[in-house]
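>>> got a predicted model here, sequence first, then my questions.
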Amino acid sequence: MITLRRAAERGHAEHGWLDSWHSFSFADYYDPEHMRFHALCVINEDRVEPGRGFGTHSHRDMEIISYVLEGSLAHKDSMGNGSVIRPGSVQRMSAGTGIQHSEFNASSNEQVHFLQIWLMPNVTGIPPGYEEKYFDEAEKRGVLRLVASPDGLDGAVKIHADARMFAGLVDAGERIGHPIAKDCSLYVHVARGSVLLNGIPLQAGDAAMLTGENHLVVDQGEKAEVLVFELN
């Protein structure tokens with residue numbers, strides 16, 4: 001079964017400095033039909049104005065991934081980490097027993113466009129942790145590149161969650177095929193561009209939940225970037 005979640009159906013918050021679309025219930029947006037999908041509980045598509053951002057705030061017992069699509073995101077946290085995240089980088093924070101952090105647009109003249117992703121951890125009360133890896137376009141072109149997993153296989157960031165996250169770039173003439181293991185579900189989010197997913201047209205911001213399917217095919221892409229979450 002394939003269930004679609006169209007971009008325009010998501011929750012939306014406009015704060016002037018922040019334009020945010022919520023795939024799942026988040027903050028003031030409550031949708032009992034979209035609370036979470038297995039371990040995946042947040043995908044926020046955020047656009048932040050130059051020089052603005054999220055001031056220091058706290059999290060506990062959550063796996064948080066930041067994935068920048070355009071621009072640059074400045075990160076600081078209570079573990080002493082500080083970096084500027086740009087397209088191609090995958091940042092993972094394990095909140096564990098507690099972490100404080102801030103995320104700001106690092107540019108004074110360009111908007112930053114990024115995805116904030118939360119996964120429910122499979123273990124709680126661990127020491128907080130941080131990791132960041134870069135994956136260039138060639139690694140993701142026409143394939144699903146593993147970028148986050150519980151075992152950190154193939155250079156992926158290591159997450160404490162029952163999930164594996166892939167990223168792929170798909171343009172005209174490129175085709176991605178991905179077998180789906182038994183008892184495994186997929187959540188596919190189109191970060192940009194357009195594709196066909198098992199023959200179904202999807203646009204930027206659209207998502208599809210695959211349950212009981214045995215194969216994923218993504219093709220007919222037009223400057224597309226897709227994220228695929230393999231969930232048990």
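That came in fine, so what should we check first?
>>> could you chop the protein up by domain?
10-134, 138-231 (automatic domain parsing).
>>> and these: which comes nearest Ile2?
Among those, the nearest to Ile2 by CB to CB is domain 138-231 (5.5 Å). (Glycine included, C-beta is placed from N, CA and C.)
>>> format the domains of the chain as TSV; extra columns: mean neighbour count, distance to Ile2 and mean pLDDT.
Listed next are the domains of the chain as TSV, based on neighbours: other CB atoms under 10 Å; distance: least, CB to CB, whole Å; pLDDT from 0 to 100:
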stretch	mean neighbour count	distance to Ile2	mean pLDDT
domain 10-134	17	13	95
domain 138-231	18	5	96
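>>> nearest to Met1, of the ones you listed?
Of all the domains of the chain, domain 138-231 comes closest under CB to CB, at 5.1 Å.
>>> for Ser116, give me phi and psi.
Ser isn't right for residue 116; it's Gln. Phi and psi for Gln116, reported as degrees, to the nearest 10, are phi -110, psi 120.
>>> list the contacts of the residue lying closest to it once chain neighbours are set aside.
Of all residues not flanking Gln116 in the chain, Asn44 sits nearest, at 4.4 Å (CB to CB, 6 or more residues apart in numbering). Asn44 makes contact with 20-23, 26, 115-117, according to CB atoms under 8 Å, 6 or more residues apart in numbering.
>>> Val188 too?
Neighbour list for Val188: 197, 202, 207-210, 216, 218, 226-229 [criterion: CB under 8 Å, 6+ apart].
>>> would you mind pulling the contact partners of stretch 92-99?
For stretch 92-99, contacts defined as CB under 8 Å, 6+ apart pick out 58-66, 77-79, 101, 121, 124-132, 148, 157-160.
>>> return the subset of the residues you listed lying in strands.
Cross-referencing the contacts of stretch 92-99 against strands under DSSP state E gives 58-59, 63-66, 77, 101, 129-132, 148, 157-158.
>>> re earlier: now the contacts of Asn44 as CSV including secondary structure and distance to Val48?
Below are those laid out as CSV (DSSP: H, G, I helix; E, B strand; the rest coil; distance: CB to CB, whole Å):
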residue, secondary structure, distance to Val48
Ser20, strand, 9
Trp21, strand, 13
His22, strand, 15
Ser23, coil, 18
Phe26, strand, 16
Leu115, strand, 12
Gln116, strand, 11
Ile117, strand, 16
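>>> so which of those is the closest to Phe166?
Distance ranking of the contacts of Asn44 against Phe166, using CB to CB, places Ile117 first at 12.7 Å.
>>> surely Ser89 and Glu131 touch.
No. Using CB atoms under 8 Å as the test, Ser89 is too far from Glu131 to be in contact (10.7 Å).
>>> show me what contacts the residue nearest the centre of the chain?
Nearest to the mean C-alpha position of the chain, by CA atoms, centre = their mean, lies Ile117 at 4.5 Å. With contacts defined as CB under 8 Å, 6+ apart, the neighbours of Ile117 are 40, 42-44, 64-67, 165.
>>> repeat that for Phe37.
Contacts for Phe37 (CB under 8 Å, 6+ apart) come out as 24, 185, 187, 209, 229, 231.
>>> quick check: the second one touching Ala208?
No. Contact status for Ser185 versus Ala208: not in contact, 10.8 Å apart, counting by CB under 8 Å.
>>> and the helices in the protein?
Per DSSP state H, the chain carries helices over the ranges 137-140.
>>> my read is that Glu137 contacts Ala167, right?
No. Assessed by CB under 8 Å, Glu137 is found out of contact with Ala167, at 10.2 Å.
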